[in-house]
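> after the sequence you'll find the predicted model.
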Amino acid sequence: MGRVALACYMARAQAIDQTPPQERKRGNGTVRAEALNDDRARAALRAMLDAAIAAADPAPRLAACLPPKPPGRVVVVGAGKAAAAMAAAVEAAWGEVAGVVVVPDGHGAPTRHISVLEASHPVPDARSEAAARRILAAVQGLGPDDLVLALISGGGSALMALPAPGLTLADKQAVNRALLASGATIHEMNCVRKHLSAIKGGRLAAAAHPARVVTIAISDVPGDDPEVIASGPTVPDPTTFAEARAIIDRYRIEVPPAVAAHLARAEDETPKPGDRRLASAAFRFLATPFASLEAAAGVARERGLTPLILGDAIEGEAAVVGTALAGIARSVRDHGVPAAAPCVLLSGGETTVTLQGASGRGGRNTTFLLGLALALGGREGIWAIAADSDGKDGNLEAAGAIVAPDTLARARAMGLDARAMLAANDAGTFFARLGDLVVTGPTLTNVNDIRAILIA
């Protein structure tokens with residue numbers, strides 16, 4: 001099962017409401033779970049996804065995270081899929097503040113004073129390097145009475161691509177592409193990225209010293225590790241050059257000669273825990289994957305469905321995770337374990353997709369769903385949705401897709417070979433042909449993947 005982290009679901013199962021579904025309470029009354037047909041099941045799943053995304057919206061939440069205004073200057077910097085929306089919320093709370101943030105193309109939001117730049121994601125481009133230089137320049141020359149407000153969210157690593165001395169952007173692009181195709185976890189990818197960067201792994205906060213740095217973050221990583229979100233530009237980095245080299249070797253990644261030499265020299269390590277330049281830095285979470293899963297669970301309860309949160313940090317190959325969660329769904333359907341139907345299995349985290357050389361369409365979520373559908377084999381009474389909360393699954397202009405009991409039957413009628421398309425990394429095309437893609441557009445936030453399996 002690889003790195004699939006499912007052990008926590010049994011502990012959560014013990015806390016689930018065990019009241020028979022026909023007699024669950026809503027407010028002061030007793031309700032029956034509505035009879036589920038295809039339309040109602042799809043609508044319920046989409047409502048859960050929408051609630052999960054809304055729970056990560058920066059606008060209604062950011063003001064409560066702000067520190068007191070300093071006696072000196074305020075400089076706002078940021079990177080990630082939510083950085084512009086967060087910057088707009090800072091302006092709404094504090095008025096005229098200066099700064100610069102960078103977001104992926106299409107993720108901008110209107111601001112009056114904070115500059116919003118756009119750059120490429122997930123592979124950095126020249127705009128990513130230029131944005132990183134502007135952000136680094138913005139925090140230079142500050143004093144102890146000044147405040148740097150860092151707005152960090154998923155995607156920030158590719159958007160602030162400032163190569164370490166001796167490296168070029170082309171070097172970083174080559175390594176980034178190889179990492180994305182390798183099956184490496186986000187923790188492993190970011191360890192390598194930090195050791196090829198002049199801004200990540202605490203270097204941004206170190207450059208701002210002696211100003212105080214307060215980071216407000218939206219987590220998109222399993223375990224909500226500040227060191228991993230956007231490669232941790234404002235927090236100490238416990239990883240090392242040796243670990244970065246080991247990851248390159250583990251996945252047999254061919255790196256440019258300059259990168260190999262840089263990693264071998266192991267000069268200028270990232271700031272470590274205890275570094276005095278980061279002593280006054282603070283870190284606050286604005287939104288997390290688990291909070292979004294709890295919001296989805298609330299929608300499930302409102303519809304008379306028992307929610308079971310399996311975890312917010314499930315990792316592993318996407319198709320394998322799909323097979324594993326299909327097994328749990330079948331257990332619910334056949335045995336009422338670990339919860340009685342009608343219920344919803346909720347999970348989050350970041351799976352991986354190891355490319356097999358094919359140039360198909362899709363990403364983690366559509367791959368997960370196709371693996372799930374194949375493992376379910378058309379089982380009656382089971383629907384599922386999976387989507388990236390940022391609104392884009394891999395190279396699709398869609399967030400994810402929906403699986404229904406008739407998914408495989410409809411595919412066969414259209415002449416689609418589900419197994420062949422999964423092997424070709426073409427799950428996105430599979431669901432597009434069925435008309436089952438979920439399109440949200442850019443959500444201007446990101447708490448990673450949201451998955452829900454509904455069992456009637």
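Yes, it's here. Residues are numbered from 1 along each chain as shown.

> which ones are touching V255?
V255 makes contacts with D171, A174, V175, A178, I248, L263, as judged by Cβ atoms under 8 Å, 6 or more residues apart in numbering. C-beta here means a position set from N, CA and C on the backbone, and glycine is covered the same way.

> out of those, which are inside strands?
The subset of the contacts of V255 located in strands under the criterion DSSP state E is empty.

> what about the strands in the stretch 301-450 of the chain?
Per DSSP state E, counting those that start in this stretch, the stretch 301-450 of the chain carries strands over the ranges 306-311, 343-349, 382-388, 400-403, 437-438, 449-455.

> neighbouring contacts of the fourth one?
Outside strand 400-403, the residues that touch it by Cβ under 8 Å, 6+ apart are 42, 45-46, 365-366, 369, 372-373, 376, 382-388, 393, 427-428, 431, 436-438, 449.

> dihedrals phi and psi, L355?
Backbone geometry at L355, expressed as degrees, to the nearest 10, gives phi -70, psi 140.

> quick one, what contacts it?
Applying Cβ under 8 Å, 6+ apart to L355 gives the contacts A181, N425.

> for R177, same thing?
R177 makes contacts with V123, as judged by Cβ under 8 Å, 6+ apart.

> mind checking pLDDT for the closest residue to P124 other than its chain neighbours?
Of all residues not flanking P124 in the chain, A161 sits nearest, at 3.4 Å (Cβ to Cβ, 6 or more residues apart in numbering). Note on A161: pLDDT of 93.

> also the one 5 residues further on?
Model confidence at G166, expressed as pLDDT, equals 95.

> low-confidence ranges, the stretch 251-400 of the chain, go.
The model of the stretch 251-400 of the chain has pLDDT under 70 over residues 357-358.

> can you give me the helices for the stretch 201-350 of the chain?
Taking DSSP state H, counting those that start in this stretch, the helices of the stretch 201-350 of the chain run over residues 203-208, 241-250, 257-265, 289-302, 318-335.

> buried stuff in the fourth one?
It stands for helix 289-302. P289, F290, A291, S292, L293, E294, A295, A296, A297, V299, A300 (16 or more other Cβ atoms under 10 Å).

> centre of the chain versus it, how much separation?
The chain centre lies 17 Å from the centre of helix 289-302; the measure is Cα atoms, centre = their mean, to the nearest Å.

> show me what contacts A59?
Applying Cβ under 8 Å, 6+ apart to A59 gives the contacts A85, A88, A89, A92.

> from P70, how far out is the closest residue to the third one other than its chain neighbours?
For A89, ignoring the flanking residues on the chain, the nearest one in space by Cβ to Cβ, 6+ apart is L62 at 3.8 Å. L62 is 17 Å from P70, where distance means Cβ to Cβ, to the nearest Å.

> which one's more surrounded, the two?
Set side by side, L62 and P70 show more neighbours around L62, with 24 against 17, by other Cβ atoms under 10 Å.

> now the more buried one: how far from A418?
Counting by Cβ to Cβ, the gap from L62 to A418 is 43 Å.

> isn't S331 right next to V337, touching?
Yes: at 5.3 Å, S331 counts as touching V337 under the criterion of Cβ atoms under 8 Å.

> picking that back up, could you dump the strands of the stretch 301-450 of the chain to CSV with distance to E96 and mean neighbour count?
As requested, those are exported to CSV (distance: least, Cβ to Cβ, whole Å; neighbours: other Cβ atoms under 10 Å):
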stretch, distance to E96, mean neighbour count
strand 306-311, 42, 23
strand 343-349, 37, 26
strand 382-388, 34, 28
strand 400-403, 39, 29
strand 437-438, 39, 23
strand 449-455, 36, 29
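
> between these, which gets nearest to A54?
strand 449-455 (11.3 Å; Cβ to Cβ).

> the closest one: how far from the chain's middle?
That offset, for strand 449-455, works out to 15 Å (Cα atoms, centre = their mean).

> same question, stretch 98-114
Relative to the centre of its chain, stretch 98-114 is centred 20 Å away, using Cα atoms, centre = their mean.

> mind exporting that stretch as PDB, just the C-alpha atoms?
The C-alpha coordinates for stretch 98-114 follow below in PDB (Å, rounded to 0.1, in the frame of the first residue of the first chain):
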ATOM      1  CA  ALA A  98       2.900  48.300   0.800                       C
ATOM      2  CA  GLY A  99       4.200  45.000  -0.500                       C
ATOM      3  CA  VAL A 100       4.400  42.500  -3.300                       C
ATOM      4  CA  VAL A 101       2.900  39.000  -3.700                       C
ATOM      5  CA  VAL A 102       3.100  36.400  -6.500                       C
ATOM      6  CA  VAL A 103       0.400  34.000  -7.700                       C
ATOM      7  CA  PRO A 104      -0.100  31.500 -10.500                       C
ATOM      8  CA  ASP A 105      -1.600  32.800 -13.700                       C
ATOM      9  CA  GLY A 106      -5.300  33.500 -13.300                       C
ATOM     10  CA  HIS A 107      -5.200  33.600  -9.500                       C
ATOM     11  CA  GLY A 108      -5.000  37.400  -9.100                       C
ATOM     12  CA  ALA A 109      -7.400  39.400  -6.900                       C
ATOM     13  CA  PRO A 110      -7.900  43.200  -6.900                       C
ATOM     14  CA  THR A 111      -5.700  45.100  -4.500                       C
ATOM     15  CA  ARG A 112      -5.100  48.900  -4.100                       C
ATOM     16  CA  HIS A 113      -1.600  49.100  -2.800                       C
ATOM     17  CA  ILE A 114       0.000  45.600  -2.700                       C
END
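
> what mean pLDDT does that stretch get?
The model assigns stretch 98-114 a mean pLDDT of 96.

> cool, and stretch 207-220?
97.

> and the end-to-end length of it?
The first residue of stretch 207-220 is 25 Å away from its last residue (Cα to Cα, to the nearest Å).

> buried set for that stretch?
Of the residues in stretch 207-220, those buried (16+ other Cβ under 10 Å) are 207-209, 211-220.

> kindly report the same for stretch 127-145.
Neighbour counts over stretch 127-145 (16+ other Cβ under 10 Å) mark R127, S128, E129, A130, A131, A132, R134, I135, L136, A138, V139, L142 as buried.

> can I get it in CSV? Just the C-alpha atoms.
Below are the C-alpha coordinates for stretch 127-145, written out as CSV (Å, rounded to 0.1, in the frame of the first residue of the first chain):
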residue,chain,number,x,y,z
ARG,A,127,8.6,35.6,-14.0
SER,A,128,9.1,33.3,-10.9
GLU,A,129,12.7,34.4,-10.6
ALA,A,130,11.8,38.1,-11.1
ALA,A,131,9.1,37.8,-8.5
ALA,A,132,11.5,36.2,-6.0
ARG,A,133,14.0,39.0,-6.5
ARG,A,134,11.3,41.7,-5.9
ILE,A,135,10.1,39.9,-2.7
LEU,A,136,13.7,39.6,-1.4
ALA,A,137,14.4,43.2,-2.2
ALA,A,138,11.2,44.3,-0.4
VAL,A,139,12.5,43.0,3.0
GLN,A,140,16.0,44.6,2.7
GLY,A,141,17.0,47.4,5.0
LEU,A,142,14.3,47.0,7.7
GLY,A,143,14.8,47.6,11.4
PRO,A,144,13.6,46.0,14.6
ASP,A,145,10.5,48.2,14.8
